[in-house]
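>>> build the 3D model from these lines:
(2 chains)
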Number of protein chains: 2
Amino acid sequence: MVKKPKAIKTPPSEEELANRLKNVRNKMIIEELDYFVCFDPVNIYYLTNFAFYVHERPFLLIIGRQGPMKFLIPLLEEAHVKDRAIGDLATVNYYEFPSPPGLNWYEKYEELIENDSNVGIEPAMTMEIYQKTPGNKKVSDILDEVRIIKSDYEIGRIVHACKIVSKGHKKLLKMCKPGMAEFGIFQEATSAMTSKIIQDIPKANFKATETTAAVWPPDISHEPHLVPDIFAKMQEGGPHVSIVQAQVDGYGVEVERTFFLGHIPEKAKKPFEIMFNARKIAYDMLKPGEIMSEIDKKVREYISKNGYGDYIIHRTGHGFGITGHEAPYVAEGYDRELEANMVISIEPGIYIPDIGGFRHSDTILITEDSYIKLTKAPETLEDVIIKNN
Amino acid sequence: MVKKPKAIKTPPSEEELANRLKNVRNKMIIEELDYFVCFDPVNIYYLTNFAFYVHERPFLLIIGRQGPMKFLIPLLEEAHVKDRAIGDLATVNYYEFPSPPGLNWYEKYEELIENDSNVGIEPAMTMEIYQKTPGNKKVSDILDEVRIIKSDYEIGRIVHACKIVSKGHKKLLKMCKPGMAEFGIFQEATSAMTSKIIQDIPKANFKATETTAAVWPPDISHEPHLVPDIFAKMQEGGPHVSIVQAQVDGYGVEVERTFFLGHIPEKAKKPFEIMFNARKIAYDMLKPGEIMSEIDKKVREYISKNGYGDYIIHRTGHGFGITGHEAPYVAEGYDRELEANMVISIEPGIYIPDIGGFRHSDTILITEDSYIKLTKAPETLEDVIIKNN
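Next up, the predicted model:
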């Protein structure tokens, strides 16, 4: 078994960002693009280390075939960009949104791209930006493609983020007793994670940092996308389903568990076992070359064969990176091979009304010949029957 | 002077949502649209009361000329939608993202719109959704237009949200002493607001709720879009600039102040006075019929005439609604009249390196013949010299 890579807590080097840009430019050559324009804040963060929230004032990163990237930004963000951005970047300011004629963002934008050039744009670009983008435009997922395979630096950051959520999950389980309210668990677990993040990374970027912790108590655990009421109470028995997620200074991960307080109800035993085995089927397939849709298919087949096919409502897994939900997808219809240095979740789920939800999720690194589980929390039935007093 | 409207803390009625839909459909008739498609979660929340975060699984709201709206959602969100959505809505599920052929979101989407129909789409729609949208597509800001003028219900919700941020700001000022760290202020002020929100609205939707509180200490207050370091310390003197913002169960507002601890440095006196007077120029113009760009122009002229023209880096104000930053804009280039029931900020700012930042911001309701300030915090120089011991 390969050893878990070391956690990294430092900002990316200029070299790391230059490599990412080089990967993008290599794909631009293949797609015969003279420019690629990023609007998506996730892609801009990936290439510049600068994080922001999208609102009415656009930020646009314009990548040519060579030279510094050009970053079109609102005037009042200049100091913020200078404070956080890393690497070879030329900022171009516009006056304000809206602006008087001649000073609008799109009038500056037009000057940065020649009209007869081939311009790649993201699937996430909005119509408003699209309509003002010069050149022969072509939607391209170059950036998504480049982000799927992680560098050693990114893996180190993800390992660190996994330590944070594992700590948060440990705190969450410790808080869980019958009668304990959702809100208290959220407060304690997210505070524990935030304190640890600040301690590890005093200059953490809070525009790319967020923590969440919640428990779905037994009466709603069969509905994984309901939002639990903040006054909801933990109950004797189960299944409870936990979610602990974080974006830690730019890297998103998760750990989730099905657990029981005091004892496991008889009717929960079989679905727990089937979920547990389905998970093993997926894990046993994790290595480069395996087709992701095949993993999802095998998992669904096993669960269906055991009578719970009607209670599957989501895919087996998804990718992580800057966000906690991105490509690749371990899903029917996603016929792509696993590759080394992908980071994914494995989380087959069964959701049965009147019994509850059954799902464990971990953040997993695909290695040269297998995988490494980066998150840590109790897994076996014995270990998820929690006896807090 | 008109009295401040009463705060409202209850969810919207079906009638309120039906009125919003009627306003959208009236504009669809004028623009000769058979359908309007919403992708922007803010617009979907406005029309359905259902809040969500955008990720890879699309949610699409399809509005025809009559009958229930159709809401295309991922299967696993069905219970969540049923729990929160209000009004005449027909949900259509898709399998998962990605899906096997025939079960993808876009294959369901195609069935909901006839190919020869005229389809309005938002400026915020992404290329990915645009490419899969059937019909003769036309970008239209109908939804933004409808949202600009608030109903009495929305005004009541905004009045309530303003009480929350005013309370948060009071807490923030109380915490501010020389040596106090940013992080402590953030924690205390946001906790005070969150507690009050939960107390007032026990079923508040936390996917549409968020609180922020921060102070820019004197050494960075001239850079309003830098993010203060969490270990930054409050200092004797000033100017400090505070920001307290919240989205309270779906309604975003703000209150911001320039203040001093103990005393005001001599060099800060004139810029504070000019900011204070510029603000009065804007307030004196606030009534229906006034052109918004004219207000910004008058404010800029006054500040420039007094020698600080080079230190203006943003417009005089912006609108509020579901978000804390939206149309209309009190800005040069935005040549539109104020109307009753618009809600805007007034916040002319002056930012001078080595002296600091000067900006007060409030959330303002435009009335039939004037305005009402909905947020409350100290304003005059005398009142913003804080003497905490």
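
>>> centroid-wise, who is the farthest residue in chain A?
Going by Cα atoms, centre = their mean, the residue of chain A most distant from its centre is residue A:101, 40.2 Å out.

>>> secondary structure element for that one?
Assessed by DSSP states H and E, residue A:101 sits outside every helix and strand.

>>> roughly how far does it sit from chain B?
7 Å (Cβ to the nearest Cβ, to the nearest Å). No exception for glycine: its C-beta is placed from N, CA and C like everyone else's.

>>> same deal with residue A:89?
17 Å.

>>> that residue: neighbouring residues, count only.
18 (other Cβ atoms under 10 Å in any protein chain shown).

>>> mind checking pLDDT for it?
With respect to pLDDT, residue A:89 has a value of 95.

>>> just list whatever residues bridge to it.
On the basis of DSSP bridges, residue A:89 is bridged to residue A:69.

>>> quick check: residues of the stretch 1-150 of chain A near chain B?
The stretch 1-150 of chain A has residues A:55-56, A:75-77, A:79-80, A:83, A:96-101, A:103-104, A:121-128, A:130-131, A:139 near chain B, with proximity defined as Cβ under 8 Å from any Cβ of the partner chain.

>>> near chain B, which residues of the stretch 151-300 of chain A show up?
Residues of the stretch 151-300 of chain A lying near chain B (Cβ under 8 Å from any Cβ): A:183, A:198, A:202-203, A:205-207, A:223-227, A:229-231, A:293.

>>> try 7 Å
A:198, A:202, A:206-207, A:223-227, A:230-231 (Cβ under 7 Å from any Cβ of the partner chain).

>>> got a winner among those for most neighbours?
residue A:223 (23 neighbours).

>>> what about it? Give its phi and psi, please.
Phi and psi for residue A:223, reported as degrees, to the nearest 10, are phi -120, psi 90.

>>> and the nearest residue to it once chain neighbours are set aside, how many neighbours does it have?
Of all residues not flanking residue A:223 in the chain, residue B:79 sits nearest, at 4.1 Å (Cβ to Cβ, 6 or more residues apart in numbering or on different chains). When neighbours are defined as other Cβ under 10 Å, residue B:79 has 17 of them.

>>> residue B:79 touches residue A:226, doesn't it?
Yes. Judged on Cβ atoms under 7 Å, residue B:79 makes contact with residue A:226 at a distance of 5.4 Å.

>>> now do the end-to-end distance for stretch A:119-136.
6 Å (Cα to Cα, to the nearest Å).

>>> tell me which element residue A:42 falls in.
Counting by DSSP H and E, residue A:42 is found in helix A:41-48.

>>> dump the residues of the stretch 151-300 of chain A next to chain B to CSV, plus pLDDT and secondary structure.
CSV is the format used below for these (pLDDT from 0 to 100; DSSP: H, G, I helix; E, B strand; the rest coil):
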residue, pLDDT, secondary structure
A:198, 94, helix
A:202, 93, coil
A:206, 92, coil
A:207, 93, coil
A:223, 94, coil
A:224, 92, coil
A:225, 89, coil
A:226, 89, coil
A:227, 87, coil
A:230, 90, coil
A:231, 92, coil
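
>>> columns distance to residue A:246 on top of the residues you listed, output as TSV?
Formatted as TSV, these follow (distance: Cβ to Cβ, whole Å):
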residue	distance to residue A:246
A:198	13
A:202	17
A:206	12
A:207	14
A:223	23
A:224	18
A:225	19
A:226	21
A:227	18
A:230	19
A:231	24
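
>>> farthest-apart pair in the residues you listed, please.
The span of these, defined through Cβ to Cβ, is set by A:202 and A:223 at 39.3 Å.

>>> please, where are all the helices along the stretch 101-250 of chain A?
A:105-110, A:127-132, A:142-148, A:152-175, A:182-200 (DSSP state H, counting those that start in this stretch).

>>> the stretch 251-389 of chain A now?
A:266-285, A:292-305.

>>> tell me which of those helices is the most buried.
helix A:292-305 (a mean of 19; mean count of other Cβ atoms under 10 Å in any protein chain shown).

>>> packing partners of it?
Packing partners of helix A:292-305 (3 or more Cβ pairs under 7 Å, 6 or more residues apart in numbering or on different chains; DSSP states H and E): helix A:266-285, strand A:326-330.

>>> neighbouring strands - and their directions - for the last one?
When you say that, I think you mean strand A:326-330. strand A:317-319 (antiparallel).

>>> what's the mean pLDDT across the partner strand?
On average, strand A:317-319 scores 98.

>>> quick one: contacts for the residue nearest to residue A:128 when sequence neighbours are not counted?
Excluding the flanking residues, the one nearest residue A:128 by Cβ to Cβ, 6+ apart is residue B:123, at 3.7 Å. By Cβ atoms under 7 Å, 6 or more residues apart in numbering or on different chains, residue B:123 lies in contact with A:126-128, B:139, B:141.

>>> could you do residue A:317 as well?
A:330, A:344-347.

>>> give the residue spans of chain A that score low on pLDDT.
A:1, A:389 (pLDDT under 70).

>>> would you point out which residue is most central in it?
residue A:324 (1.5 Å).

>>> what's across from residue A:74 in the sheet?
Going by DSSP bridges, residue A:74 forms beta bridges with residue A:94.

>>> that one against residue A:57, yeah?
Yes. Assessed by Cβ under 7 Å, residue A:74 is found in contact with residue A:57 at 4.3 Å.

>>> ok, the two, which is more surrounded?
Neighbours were counted for residue A:74 and for residue A:57 using other Cβ under 10 Å; residue A:74 has more, 24 against 21.

>>> ok, the more buried one - contacts?
A:57, A:94, A:96-97.

>>> and what of residue A:194?
So residue A:194 contacts residue A:211 (Cβ under 7 Å, 6+ apart).

>>> and residue A:233, by the same measure?
So residue A:233 contacts A:179-181, A:217 (Cβ under 7 Å, 6+ apart).

>>> ok, of those, which one's closest to chain B?
Of all the contacts of residue A:233, chain B sits closest to residue A:181, with 11.0 Å by Cβ to the nearest Cβ.

>>> for residue A:378, the count of nearby residues, please.
Neighbour tally, residue A:378, other Cβ under 10 Å: 16.

>>> and it, how far is that from residue A:270?
20 Å (Cβ to Cβ, to the nearest Å).

>>> for residue A:184, same thing?
32 Å.
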